[in-house]
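> task: produce atomic coordinates for the following.
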Amino acid sequence: MAEPVLEVEGLVKHYPLTRGVLFRRQIGSVKAVDGVDFTLGRGETLGIVGESGCGKSTVAKLLCHLERPTAGAIRYRGEDITKLSGKALKAVRRNIQMVFQDPYTSLNPRMTVGDIVGEPYEIHPEAAPKGDRRRRVQELLDVVGLDPEYVNRYPHQFSGGQRQRIGIARGLALHPEIIVADEPVSALDVSVQAQVINLMDRLQAEFELSYVFIAHDLSIVRHISDRVAVMYLGRIVETGTDTEIYDHPTHPYTQALLSAVPVPDPDARDRRERIILSGDVPSPADIPSGCRFRTRCFKARERCALEVPALAVPAEFRYATGPAVHDSACHFAEELRVVPAEEHGNGPG
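From the prediction side, this is the model:
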C-alpha cells in the first residue's frame, strides 16, 4: 500500500439512550460505530460499503470531526486529530474535506454558487487573498466541468449532477489531501452517477487526492475503489482489494451482498446462487453476543455465539498467497463455497 495518510484505530461512537423527562437517566447506548480499524494510503480510494444503519456515515462524520468519537484514534500523518482543538484542529480540517450525500440539501439555497464554493475561504482566510477569491472560485468551477460564469447563479438553477459538482468544487477549495465522500451519487440518476464518478477519478489523478468513498451500491464502489471495507452493525467484517472482495469474498455477509448485485449476462445470472438472508438487522442498542452477524448467517454454529471473530486472515490461508488471502471476521471464512441455509441454520438465538 502507498504511504498512509490516515490511520483509524479502535474507532468507537456510542450514543446514550436515556429515559425520563425531569430526571433523565441512561438506560443503554446505541453502538453506531464499535471498533473500526483501517488505513488510507496517499492517492488511494478506500470504499466503505454496507446496509443502511451499519455506521458508515457516522464514520464519515468522525473522520471530518463533525462528531467526536467515544474512543479510538484517527491519525492524520501520524497525529491523532481526536485530541486536537482550536487552531490545531482548524489547520487539520483544511486537509480533510467532505462531499455530502444529498446535493439538494447540502447547498444553501439563499447563497450564490460563488458564495458556496468560496465559503471555505471565509473560514480559512489565509488560503486565498480576498481580492483573488472570485478568480479561484471560477477556476474551481472550470475544474469540475461547470461554466465559470455560473458564479452568480443559485442552486435551484442547476440539475442534481451539477449541484454535486458544486459540492465537489467546494470540497476542493482548500486543496485538501483527503476527501470523505458520503454516498455522493446515491441521489442521482444512473447516467449522472457515471459522470460524477469519472470526474472524481480525474480529479484524484490530477490532484493526488485520497478518497474515503462511502456507498451502499457495490458496483459503484468497485469502479472507483482500490480497497474495500465491508461494514455490518458498527464493525468492519471484511476488507481487501477490490479483486479480493468482489471475486473471492470469504465473509457470509459479503457473499450475500454480492449475490444481490445485478449481472448483465443471463447465463452467469442463472448459474449464480442468490443468498437470501433471514431475519432483520439487530438493533445497534442490542448487539448479539459473539459474532454480530450470526443471527442472519447461513454458516452460523455454536461457536459463533460464544466468540467474537477477529478481523484477520483466516488460519487456513495464513501461509498461502492469492486473492483469497485477506482479512475476514468470520470463524468459518475458509469455507469458500456458499453453504445452504438449511445445512447450518442461523445459529443459537
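> and for residue 108, the neighbour number?
For residue 108, the neighbour count with other CB atoms under 10 Å is 12. Any C-beta I mention is one placed from the backbone N, CA and C, and that applies to glycine too.
> what of the one 5 residues further on?
The number of residues packed near residue 113 is 24, by other CB under 10 Å.
> same question for residue 221.
Residues near residue 221, counting by other CB under 10 Å: 23.
> what helices and strands are in contact with the helix or strand harbouring it?
Taking DSSP states H and E as the criterion, residue 221 maps to helix 218-224. When contacts are defined as 3 or more CB pairs under 8 Å, 6 or more residues apart in numbering; DSSP states H and E, helix 218-224 packs onto strand 45-49, helix 190-207, strand 210-215, helix 242-247.
> could you check the pLDDT of residue 317?
Listed pLDDT for residue 317 reads 60.
> likewise residue 326?
Looking at residue 326, the pLDDT reads 88.
> just give the nearest non-adjacent residue to it, would you?
Spatial nearest neighbour of residue 326, excluding adjacent residues (CB to CB, 6 or more residues apart in numbering): residue 240 at 3.2 Å.
> report how many residues lie close to that neighbour.
23.
> hmm, back to that, what residues sit buried inside the helix holding residue 221?
Buried positions in helix 218-224, judged by neighbour count with 16 or more other CB atoms under 10 Å: 218, 220, 221, 222, 223, 224.
> return the member of those residues nearest to residue 91.
Taking CB to CB as the measure, residue 91 lies nearest residue 224 of the buried residues of helix 218-224, at 28.5 Å.
> surely the closest one meets residue 45?
Yes: here residue 224 reaches residue 45: they are 5.5 Å apart, a contact under CB atoms under 8 Å.
> what do these two both touch?
Residues touching both residue 224 and residue 45 (CB atoms under 8 Å, 6 or more residues apart in numbering) are 211, 213.
> quick one, helices of the stretch 201-349 of the chain?
For the stretch 201-349 of the chain, helices defined by DSSP state H, counting those that start in this stretch occupy the ranges 218-224, 242-247, 252-259, 266-271, 302-306, 341-344.
> likewise for the stretch 1-150 of the chain?
56-63, 86-93, 113-123, 133-143.
> please identify the deepest-packed of those.
helix 56-63 (a mean of 24; mean count of other CB atoms under 10 Å).
> just the CA trace of it, in PDB.
Listed next in PDB are the C-alpha coordinates belonging to helix 56-63 (Å, rounded to 0.1, in the frame of the first residue of the first chain):
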ATOM      1  CA  LYS A  56     -20.600   4.100   7.600                       C
ATOM      2  CA  SER A  57     -22.000   7.700   7.600                       C
ATOM      3  CA  THR A  58     -21.100   8.000  11.300                       C
ATOM      4  CA  VAL A  59     -17.500   7.000  10.400                       C
ATOM      5  CA  ALA A  60     -17.500   9.800   7.800                       C
ATOM      6  CA  LYS A  61     -18.600  12.400  10.400                       C
ATOM      7  CA  LEU A  62     -16.000  11.200  12.800                       C
ATOM      8  CA  LEU A  63     -13.200  11.500  10.200                       C
END
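> any weak-confidence spans in the protein?
Along the chain, the parts satisfying pLDDT under 70 run over 1, 263-272, 315-324, 336-349.
> centre-most residue in it?
residue 214 (2.8 Å; CA atoms, centre = their mean).
> do I have it right that residue 136 meets residue 175?
No: applying CB under 8 Å as the test, residue 136 and residue 175 come out as separate, 10.2 Å apart.
> and the angle from whichever strand or helix holds residue 165 to helix 133-143?
Using DSSP H and E, residue 165 maps to helix 160-172. Compare the direction of helix 160-172 with that of helix 133-143 by axes from the mean of the first three to the mean of the last three CA atoms, to 10 degrees and you get 130 degrees.
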